[in-house]
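S.K.: Next comes the sequence, and after it the predicted model I'd like to discuss.
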Amino acid sequence: MQLLIKKGNVFFDKTFQKKDILIEDGIIKAIENDINPSPTSLSECEIKIIDAENLSVIPGFVDLHCHLREPGFTYKEDIYTGTRAAAKGGFTTVCAMPNTDPVIDNIASVEFVQRKAKDIGLCKVKVIGASSKKIEGKEIAEIAIMKEGGIIAVSDDGSCVQNSKLQQNIMKYARNFDMPVIVHAEDYNLAGKGQVHGGKIATKLGLTGIPSVAEEIIIVRDLMLAELTRCQLHITHLSTEKSVKLIKEAKENGTNVTCDVTPHHLIFNEDSLLSFDTNYKCKPPIRSEKDREALLNGLINGTIDLIVTDHAPHSDHEKEKEFDYAPFGINGFETAFSSLYTELVQKGHLSLELLIEKMSTSPAKWLKMNTGELKKGYIADIVVIDLNGETEITKEKMLSKSKNTPYINKTLKSKILYTICDGKITYQAE
Amino acid sequence: MAESFNLLGRNMYDLDDYTAEEITAILDAAVVMKEINQRDYKKLPTLKGKTVCTLFVENSTRTKISFELAASRLSADLISFEAETSSLQKGESLQDTVETLNAMGIDLYIIRHSSPGSPQLVNKYSGKPVLNGGDGRHAHPTQALLDMFSVREVLGTLKGLKVVIVGDITNSRVVRSNLIGMKKMGASVTICGPRTLVPGHMEEVYGCTVEYDLKTALKDADVVMGLRMQLERQTEGLFPSLEEYSKHYSISKETMQWAKKNAIVMHPGPMNRGIEILPEIVESSQSVIIEQVTNGVAVRMALLFLILGGKMG
């Protein structure tokens, strides 16, 4: 089976060039100025041709942080609806966090998620195992056995190991098996029952604040532990100006650390919460404009390595509640690229090239995968996109089982027409 | 009466959405209501046929009674929803509760809830006007209205006055609504308390003055308001003991010496006598604390009247 993408504006060698791409057996076989199917291939095997004239062809997105909710919370999302939504958003690889029910802290659960995703075949799913059993922060999980099962990192995401001694042991032990440790940084005592950023918005709305220091104090701790243990540390969803500064300094000092940021922390500031819309309620909270600017600068100057969705589906009946009772999290797959393209690229704050690097190339490199770039011999994970098109976000059109996004009933710029994963079309616009 | 200010069908989540003119109209209407409340026959037929629901998901005594009395005196039918004996206790959502009540024909809701933003939800689910009877630490606009009414009644105006509010600022919805309302009416507000009980960004958000020392705060004060200090703040580690708090922040005859000579003393209640406010000052001629309660009924009558479109005559 061959696939030929003709006359597209191809993101090749870090620039956009008019090229054709030939795909065979899930691999990019050639990227050249003009590829014509040979008569043999026309007659002997099936070839599908995509006319990409006036369209852009970019590497498929890679998400290092999402919640597919299966097993245990399939009323919010399951592996089928989640990967379908991911494919629609242009994702060809996503990494599932382990805070399911039961928690993915054992090889059987790891294999269950991988097998199910593979059977569905809409998106490659990599599994992140728990770093502590049941993500309770009490005992180290079976990191080495889960590694045999195929996990790519460990994390207690959604929770944060409060016991510093245990965290040190997790990092020592993970290093032993070359497993990166991904940290959701939150000091529980400082965060308390906080609902929103502990800034002017909390003061104004009378909601309990989650202070910036609740994140920063854990980052300081884990940077020190990474220095001690030489473990590969990754801090996920940075939200404060100081967090960016801390990571920048640590990188300069040679600490083995990387980090990421979400689209919502790059786009919104705390004023979005003024309407009490629970679709903006997430952890870490959306912080001040100053923090948002620092995150964007950190992304541009390279302190922040990559963008993750933190796709966190929650059902309508959970979000449709009093603010204090609604769960934290924002639905992300179907709006990640288009929201960043609309709010940052089109407004001149971020180049399209850098956005692609942060959503595809950089996370693929982090995962040591031969994807994230359009290159001969690389996995054929490709998005064909109309940058002049528009995507309407409505509850009816969303493929995720949950609809908890602030973009409901809004129109975003750009329209994904095809997502190709391992050489197969996993999403095609109507 | 303020014919030019049409408050018909409006919500009152907080005072942000109300202009100084509208606030004045409400306070003016409350003057009339107060006069009616002093009559032998305390009843107006104006809201006959209207149904008002008090939806109190969080406990309250005075606010609930005050609202219910106000509705009764205007001849509205009253549904009193009790959270403890309700379906909410059985896990029914606020949405289902409101939609159920609404199906029975409620014309206006008064809600108290521990979670900020809940009044907006009640309006979303019912499409009916909602008055906020206190939502968490966010807002308590009718308390601020009755406070402003009380100040205006004694001192004639709010314009140019210095109002000092002392105590647990972080946890007070009364402070937040008063900061908005009093500033609109031309008063300047100073808040005072220990740093553990004063949230950040107060100056930026409310344009108020923040002092941590009571003596400095009270200088030239025309109005001094104490706030209830809850014992649980001590167990939360926000201050060491009520005694120590009282020593530094209580409103007493002695500390009132630092304010203007004829300054008035207020408290939204319920009071902890001997902690944030001393009995001697509660019972002094400077205190308008009991009058505040009386005024609360008049202000709430005025608000119900204006929002539900009652007719005088």
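M.R.: Cool, the structure landed. Residues are numbered from 1 along each chain as shown, chains lettered A, B, ... in the order given.
S.K.: hey, let's count contacts and neighbours off CA atoms from now on
M.R.: Will do.
S.K.: Any idea which residue of chain B lies closest to chain A?
M.R.: Going by C-alpha to the nearest C-alpha, chain A is nearest to residue B:138 of chain B, at 4.0 Å.
S.K.: What sits closest to that residue if chain neighbours are left out?
M.R.: residue A:206 (4.0 Å; C-alpha to C-alpha, 6 or more residues apart in numbering or on different chains).
S.K.: Counting neighbours, what do you get for the one you found?
M.R.: 24 (other C-alpha atoms under 10 Å in any protein chain shown).
S.K.: per-residue confidence at it?
M.R.: Here, the pLDDT recorded for residue A:206 equals 97.
S.K.: distance of the residue of chain B closest to chain A from residue B:281?
M.R.: 29 Å (C-alpha to C-alpha, to the nearest Å).
S.K.: likewise residue B:192?
M.R.: 19 Å.
S.K.: same question, residue B:79
M.R.: According to C-alpha to C-alpha, residue B:79 stands 38 Å off from residue B:281.
S.K.: Tell me which of these two has more neighbours.
M.R.: Using other C-alpha under 10 Å as the criterion, residue B:79 and residue B:281 rank with residue B:281 on top: 20 against 15.
S.K.: SS state for that one?
M.R.: Secondary structure, DSSP: H, G, I helix; E, B strand; the rest coil: residue B:281 is helix.
S.K.: Hmm, it is touching residue B:252, no?
M.R.: Yes. Counting by C-alpha atoms under 8 Å, residue B:252 is a contact partner of residue B:281 at 5.6 Å.
S.K.: Common neighbours of the two, please.
M.R.: Common neighbours of residue B:281 and residue B:252, counting by C-alpha atoms under 8 Å, 6 or more residues apart in numbering or on different chains, are absent.
S.K.: which bits of the stretch 51-200 of chain A sit near chain B?
M.R.: Along the stretch 51-200 of chain A, the residues adjacent to chain B under the rule C-alpha under 8 Å from any C-alpha of the partner chain are A:199, A:200.
S.K.: switch to 10 Å and redo it
M.R.: Residues of the stretch 51-200 of chain A found near chain B (C-alpha under 10 Å from any C-alpha of the partner chain) are A:198, A:199, A:200.
S.K.: need the contact list for the nearest residue to the first one once chain neighbours are set aside.
M.R.: Once its chain neighbours are removed from consideration, residue A:198 has its nearest residue in residue A:209; the separation is 3.6 Å (C-alpha to C-alpha, 6+ apart). With contacts defined as C-alpha atoms under 10 Å, 6 or more residues apart in numbering or on different chains, the neighbours of residue A:209 are A:190-203, A:285, B:199.
S.K.: which bits of chain B sit near chain A?
M.R.: B:93-95, B:113-122, B:135-139, B:169-173, B:176, B:198-206.
S.K.: Quick check: strands, which of those are part of them?
M.R.: When strands are assigned by DSSP state E, the members of those inside them are B:113, B:135.
S.K.: Buried only: go through the residues of chain B next to chain A for me.
M.R.: Neighbour counting by 16 or more other C-alpha atoms under 10 Å in any protein chain shown classes B:93-95, B:113-122, B:135-139, B:169-173, B:176, B:198-202, B:206 among the residues of chain B next to chain A as buried.
S.K.: By mean pLDDT, flag the weakest helix or strand of the chain.
M.R.: Using chain A here. Lowest by mean pLDDT, DSSP states H and E among the helices and strands of chain A is helix A:39-44, with a mean of 59.
S.K.: other chain: chain B
M.R.: Lowest mean confidence among the helices and strands of chain B (mean pLDDT, DSSP H and E): helix B:232-235, at a mean of 80.
S.K.: For it, name the packing helices and strands.
M.R.: Helix B:232-235 is packed against helix B:242-249, with contacts defined by 3 or more C-alpha pairs under 10 Å, 6 or more residues apart in numbering or on different chains; DSSP states H and E.
S.K.: So which bits of the helix it packs on are buried?
M.R.: B:242, B:245, B:246, B:248, B:249.
S.K.: Sticking with the most centrally placed residue in chain B, tell me its helix or strand.
M.R.: For chain B, residue B:143 is the residue whose C-alpha lies nearest the centre (C-alpha atoms, centre = their mean; 1.3 Å). Per DSSP states H and E, residue B:143 falls inside helix B:141-155.
S.K.: and that helix, what does it pack onto?
M.R.: For helix B:141-155, the packing partners by 3+ C-alpha pairs under 10 Å, 6+ apart come out as helix B:20-37, helix B:62-73, strand B:130-135, helix B:173-184, strand B:223-226, strand B:264-266, helix B:289-307.
S.K.: Centre of the chain to the fifth one, how far?
M.R.: In terms of C-alpha atoms, centre = their mean, to the nearest Å, the centre of strand B:223-226 is set 14 Å apart from its chain centre.
S.K.: Any regions of chain A where pLDDT drops low?
M.R.: Where chain A drops to pLDDT under 70, the residues are A:39-45.
S.K.: repeat for the stretch 1-150 of chain B
M.R.: B:1-5, B:85.
S.K.: quick one, what contacts residue 217?
M.R.: Unless you meant another one, I'm taking chain A. Neighbour list for residue A:217: A:185, A:186, A:187, A:190, A:223, A:243 [criterion: C-alpha under 10 Å, 6+ apart].
S.K.: actually chain B
M.R.: Counting by C-alpha under 10 Å, 6+ apart, residue B:217 has contacts B:162-166, B:189-193, B:209-211, B:224, B:258-259.
S.K.: can you give me phi and psi for it?
M.R.: Dihedral pair for residue B:217: phi -60, psi -40, per degrees, to the nearest 10.
S.K.: Pop the domain breakdown of chain A in here.
M.R.: Per the record, chain A has its domains at A:2-57+A:379-392+A:410-428, A:61-366, by automatic domain parsing.
S.K.: for chain B, what are the nearby residues on the stretch 201-350 of chain A?
M.R.: Residues of the stretch 201-350 of chain A lying close to chain B (C-alpha under 10 Å from any C-alpha) are A:201-209, A:274-277, A:317-318, A:320-325.
S.K.: Just those: which are in helices?
M.R.: Counted as lying in helices by DSSP state H, out of those, are A:201, A:202, A:203, A:204, A:205, A:317, A:318.
S.K.: ChimeraX command to pick out the buried ones of the residues you listed?
M.R.: Remark: buried members of those, expressed as a ChimeraX selection using 16+ other C-alpha under 10 Å:
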select /A:201,202,203,204,205,318
